[in-house]
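>>> 3D, please:
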Amino acid sequence: MEESHSLAVSLFSEILMADQLARSRLSKALPKGMELSHFSVLNHLTRTGVERSPAQLAKAFHVTRGAMTNTLNKLEVAGYIHIRPDWDDARRKMVAISPAGRQARDAALASIVPLISEVVNDLGGDRVRATLPILRELRAKLESTA
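Here you go, the predicted structure:
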């Protein structure tokens, strides 16, 4: 049992440190004024290709509605998203990426891809591919207990 606890602590220590270092490096590589949370929302909206409500986005990113509202307000002021009323439920809003938002996301992606590609190349593609299923399973376990 002690070994199991030690292994769990080591695993999560490594994940947390890797997360911190990755966020720091990515944040520095993003275009001036763009935060990692901004890129994440723009990337999500681009990948899904559909409008989302602020509540849906908050749930997808596991953040409070207040935190998501703050991020969305900054993105709207920058002209990166459009927020409109939900035609079916006037109490709700819907968020879509704007053409400027798509351009900002693409510029951000262009600035971080070399950085993350370098890490993948250093580790080796086969090793990264072998690690992905374990990380996906870990994420799914953590999501199911959230």
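>>> low pLDDT regions in this structure?
Judged by pLDDT under 70, the chain has its weakly predicted residues at 146.
>>> Centre-most residue in it?
Compute the mean C-alpha point of the chain, and by C-alpha atoms, centre = their mean the closest residue is residue 40, 3.7 Å away.
>>> any idea which element that one lies in?
Element membership for residue 40 (DSSP states H and E) is helix 36-48.
>>> Give me the distance from that helix to the chain's centre.
6 Å (C-alpha atoms, centre = their mean, to the nearest Å).
>>> Packing partners of it?
helix 2-29, helix 54-61, helix 65-77, strand 81-85, strand 93-97, helix 99-123 (3 or more C-beta pairs under 8 Å, 6 or more residues apart in numbering; DSSP states H and E). C-beta here means a position set from N, CA and C on the backbone, and glycine is covered the same way.
>>> Specify the angle between it and helix 2-29 in degrees.
Between helix 36-48 and helix 2-29, the angle comes out at 90 degrees (axes from the mean of the first three to the mean of the last three C-alpha atoms, to 10 degrees).
>>> Which positions in helix 36-48 come out as buried?
In terms of neighbour count (16 or more other C-beta atoms under 10 Å), helix 36-48 has its buried residues at 36, 37, 38, 39, 40, 41, 42, 45.
>>> of all those residues, which two lie farthest apart?
The span of the buried residues of helix 36-48, defined through C-beta to C-beta, is set by 36 and 45 at 15.2 Å.
>>> can you count the residues close to residue 13?
The number of residues packed near residue 13 is 10, by other C-beta atoms under 10 Å.
>>> now it: how far from residue 84?
According to C-beta to C-beta, to the nearest Å, residue 13 stands 44 Å off from residue 84.
>>> repeat for residue 42
From residue 42 to residue 84 the distance is 17 Å (C-beta to C-beta).
>>> closest one to residue 131 among the helices and strands packed on helix 36-48?
Evaluated over the helices and strands packed on helix 36-48, closeness to residue 131 peaks at helix 99-123, with 8.3 Å, by C-beta to C-beta.
>>> and the helix or strand just after the closest one, how far from the chain's centre?
Counting by DSSP H and E, the next helix or strand C-terminal to helix 99-123 is helix 125-144. Centre-to-centre, helix 125-144 and its host chain are 16 Å apart (C-alpha atoms, centre = their mean).
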